[in-house]
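Novice: generate coordinates for the sequence data below:
(one chain, ligands or ions: 2)
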Amino acid sequence: MTVISATDLSKRYGDVLALDRVDLTVEAGETFGFLGPNGAGKSTFIDILLGFVAPTDGTLSVFGHDCRDDGVAVRERIGVLPEGYAPFDGLSGRDHVEYAIRSKDVDEDPADVLSRVGLRDDAARSATDYSKGMRQRLALAMALVGEPDLLVLDEPTTGLDPNGAAEMRTILREEADRGATIFFSSHVLEQVEAVCDRVGILQNGRLIATDTIAGLREAI
Ligand code: ADP
Ligand code: ADP
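Specialist: Ligands and ions are numbered 1, 2, ... in the order given. Next up, the predicted model:
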């Protein structure tokens, strides 16, 4: 089953062509790395996928729904880890996950969700006292609430130390093994290759290659 399907997708901001006729499909269960330097158009693609921004041309659909029309219906099946997530002042890790559980209107145990990202023992601490790696894992925990079929992660390992990035990648592999489709945006190949089966390289809004990691290595 196709989860993400972009056809001739373009987005223009004034003089800037943020996305230039992108064709891309991601199948269910895939871990897909969306790789490109800053300004390549990664966030724009994610903004369209989540229904926040309309494309200038072409279509992007998720689970067979056009993101332009059915953004809300589709978002219920997507867990999003936004770039540079900052926790709320004075709220514990548990509070954050409880908030996500209430917003998504699901019945889950916050302790279980926090266990999946290794934060069970830190549940009661204020999340603003967490290390950067812990904050990212908390943001991931919130994204995991509701067991989404698709996880969209915008630079989930950027700014983490090697240890924190490795912990994050381990959890993402576990989620992939559970069957979630993962869309992992990053500007660092090394961050993506340990998690992803397949990679797309975006440059100046154009998808210049899509291949397996092994295939890319051969091409380089
Ligand atoms: P990335 O996420 O890969 O860093 P972005 O999607 O954020 O790339 O940006 C792609 C290009 O589109 C950049 O040149 C950026 O400045 C431009 N851009 C993104 N959003 C807007 C916007 N709302 N208004 C104007 N230009 C934008
Ligand atoms: P990223 O680091 O992923 O590229 P950005 O910091 O470029 O993200 O963008 C953050 C937000 O600002 C996005 O919603 C993007 O659409 C918007 N944005 C990016 N570039 C511009 C721009 N040149 N003008 C206006 N908004 C922009």
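Novice: ligand 1 contacts on the chain?
Specialist: 13, 16, 18, 36, 38-44 (CB under 6 Å from any ligand atom). No exception for glycine: its C-beta is placed from N, CA and C like everyone else's.
Novice: try it again at 8 Å.
Specialist: Contacts of the chain with ligand 1, taken as CB under 8 Å from any ligand atom, map to 11, 13-14, 16, 18-19, 36-47, 53, 83, 154, 185, 187, 202, 205.
Novice: outside of the lengthiest helix in the chain itself, list whatever touches it.
Specialist: What stands out as the longest helix in the chain, according to DSSP state H, is helix 162-177. Contacting residues not belonging to helix 162-177 are listed as 29, 31, 116-118, 131-133, 136-137, 140, 144, 151, 153, 156-157, 160, 182, 184, 191, 194-195 [CB atoms under 8 Å, 6 or more residues apart in numbering].
Novice: same check, this time on stretch 129-145
Specialist: Outside of stretch 129-145, the residues within contact range by CB under 8 Å, 6+ apart are 79-82, 85-87, 93, 96-97, 99-101, 104, 106, 108, 113-114, 116-119, 122, 127, 151, 153, 156-157, 159-161, 163-165, 167-168, 171-172, 175.
Novice: got the buried residues for stretch 63-76?
Specialist: 63, 67, 71, 74-75 (16 or more other CB atoms under 10 Å).
Novice: pull the most distant pair out of those residues.
Specialist: Using CB to CB, those span at most 11.8 Å, a distance reached by Phe63 and Gly71.
Novice: what kind of secondary structure is the residue nearest the centre of the chain in?
Specialist: For the chain, the residue sitting closest to the mean C-alpha position, by CA atoms, centre = their mean, is Leu153 at 1.6 Å. Leu153 falls in the strand class when you classify it by DSSP: H, G, I helix; E, B strand; the rest coil.
Novice: now do the contacts for it.
Specialist: Listed by CB under 8 Å, 6+ apart, the contact set of Leu153 reads 80-81, 140, 143, 172, 182-185.
Novice: which ones among those residues are found in helices?
Specialist: Those of the contacts of Leu153 lying in helices (DSSP H): 140, 143, 172.
Novice: kindly export the helix or strand Arg135 falls within (C-alpha atoms) in CSV.
Specialist: Assigned by DSSP states H and E, Arg135 falls within helix 132-144. C-alpha atoms of helix 132-144 as CSV (Å, rounded to 0.1, in the frame of the first residue of the first chain):
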residue,chain,number,x,y,z
LYS,A,132,18.4,18.0,24.6
GLY,A,133,18.3,14.3,23.8
MET,A,134,15.6,13.7,26.4
ARG,A,135,13.5,16.5,25.0
GLN,A,136,13.7,15.0,21.6
ARG,A,137,12.7,11.6,23.0
LEU,A,138,9.8,13.3,24.8
ALA,A,139,8.7,14.9,21.5
LEU,A,140,8.9,11.5,19.9
ALA,A,141,6.8,10.0,22.7
MET,A,142,4.1,12.6,22.0
ALA,A,143,4.3,11.7,18.3
LEU,A,144,3.9,8.0,19.2
